[in-house]
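A.B. asks: Task: produce atomic coordinates for the following.
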Amino acid sequence: MNKPMEVMNVSEGSLLEGKVILVTGGGRGLGAAICNMLAMEKATVVIGDVQPGAAEEVAEALRRSEGVATHALTFDVGDPAGAKHAIEDVVRTFGRLDVLINNAGVDVTCPVQDLSVPDWDRVLHTNLHGPFLLAKFATPYMQLQGGGQIVNIVSTAAKRAWPNATAYHASKWGLLGLSHALHAELRPHGIKVTAVVAGGMRTPFLFDRFPDIDPAVLQDPINVARTVRFVLSMPDDAVIPEVMVLPMRETSWP
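C.D. replies: The predicted model follows:
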């Protein structure tokens, strides 16, 4: 006779409350939405951003609105010294790092013949080199504390290609591969790694480059933030290696 299914009543908030979470690119757009979502779940949110003042502005707003512990860091994710110092700062301040969310990203939209070598380097530097560095420096601490999670914000640009986005596609295809490689390598050490493949969002990242884009075909970044929360709320004995979230009228993915 089959045993009845066990029903567990576990709130998402109780799973994230008190966890120390670093979000890169947290000063605006999707990063700020993720920080807000996690603060609502009573996590301790560390906001990282390359723009001076952007991280502190979000941190202060979350302290006022949600009454949670926050911390702001200004650093370049692709700079080895800056990335190492950021991870060390979080561990020194809070005693641990439970979750790393690699969200910082840039793009240069132009034909390949017009793409300068410095711009190519800048996109790869932020979108791929940065997540590698932060995962490299965060992993030893996570192993020592018995586990952790890494979430890499990828894009439908890692699933197909369109014109005038050579560097962006290269970085995001690379990030998806890095994410799955880390999943395979770190899973035995109790570290979960997830690639969140996000479709187009109503954020400055798109509007700054495509001012004529129809906002109706894009999704609210809160949808992706909710997906991140869901991934982080999985029980200890389960991991989601990859998940995709698209707007209903998405054009970059079938």
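
A.B. asks: for the longest helix along the chain, packing partners?
C.D. replies: Ranked by residue count under DSSP state H, the longest helix found in the chain is helix 166-186. Here helix 166-186 touches helix 117-124, helix 130-145, strand 148-153, strand 191-198, strand 242-245, going by 3 or more Cβ pairs under 8 Å, 6 or more residues apart in numbering; DSSP states H and E. In this view, the C-beta of every residue, glycine as well, is placed from N, C-alpha and C.

A.B. asks: Run the angle between that helix and strand 191-198 for me.
C.D. replies: Note on geometry: by axes from the mean of the first three to the mean of the last three Cα atoms, to 10 degrees, helix 166-186 and strand 191-198 are set 150 degrees apart in direction.

A.B. asks: So which bits of helix 166-186 are buried?
C.D. replies: For helix 166-186, the buried set under the neighbour-count rule, 16 or more other Cβ atoms under 10 Å, comprises 166-176, 178-179, 182-183, 186.

A.B. asks: for the closest residue in space to Leu16 that isn't next to it in sequence, phi and psi?
C.D. replies: For Leu16, the nearest residue in space outside its immediate sequence neighbours is Glu41; the separation is 4.1 Å by Cβ to Cβ, 6 or more residues apart in numbering. Dihedral angles phi and psi of Glu41 (degrees, to the nearest 10) take the values phi -90, psi 10.

A.B. asks: just checking, Glu41 touches Glu17?
C.D. replies: Yes - here Glu41 reaches Glu17: they are 6.6 Å apart, a contact under Cβ atoms under 8 Å.

A.B. asks: Those two - which one has more neighbours?
C.D. replies: In this comparison of Glu41 against Glu17, neighbours counted by other Cβ atoms under 10 Å, the higher total goes to Glu41 at 22 against 13.

A.B. asks: What distance do you get for the more buried one to Ala238?
C.D. replies: Glu41 sits at a distance of 18 Å from Ala238 (criterion: Cβ to Cβ, to the nearest Å).

A.B. asks: List the contacts of the closest residue in space to Gly25 that isn't next to it in sequence.
C.D. replies: The shortest distance from Gly25 to any non-neighbouring residue, by Cβ to Cβ, 6+ apart, is to Ala104 (3.3 Å). Applying Cβ atoms under 8 Å, 6 or more residues apart in numbering, one finds that Ala104 lies in contact with Thr24, Gly25, Gly31, Gly48, Asp49, Val50, Val77, Thr126, Asn127, Gly130.

A.B. asks: filter these to the buried ones?
C.D. replies: A residue is treated as buried here by neighbour count (16+ other Cβ under 10 Å); on that basis the buried members of the contacts of Ala104 are Thr24, Gly25, Gly31, Gly48, Asp49, Val50, Val77, Thr126, Asn127, Gly130.

A.B. asks: which ones are touching the spatially closest residue to the last one that is not a sequence neighbour?
C.D. replies: I take that to be Gly130. In this structure, Gly130 finds its nearest non-sequential neighbour in Val77, 3.1 Å apart by Cβ to Cβ, 6+ apart. Applying Cβ under 8 Å, 6+ apart, one finds that Val77 lies in contact with 24-25, 48, 50, 83, 102, 104, 126, 129-131, 133-134.

A.B. asks: which pair in those spans the largest distance?
C.D. replies: Using Cβ to Cβ, the pair of the contacts of Val77 lying farthest apart is Gly48 and His129, separated by 15.1 Å.
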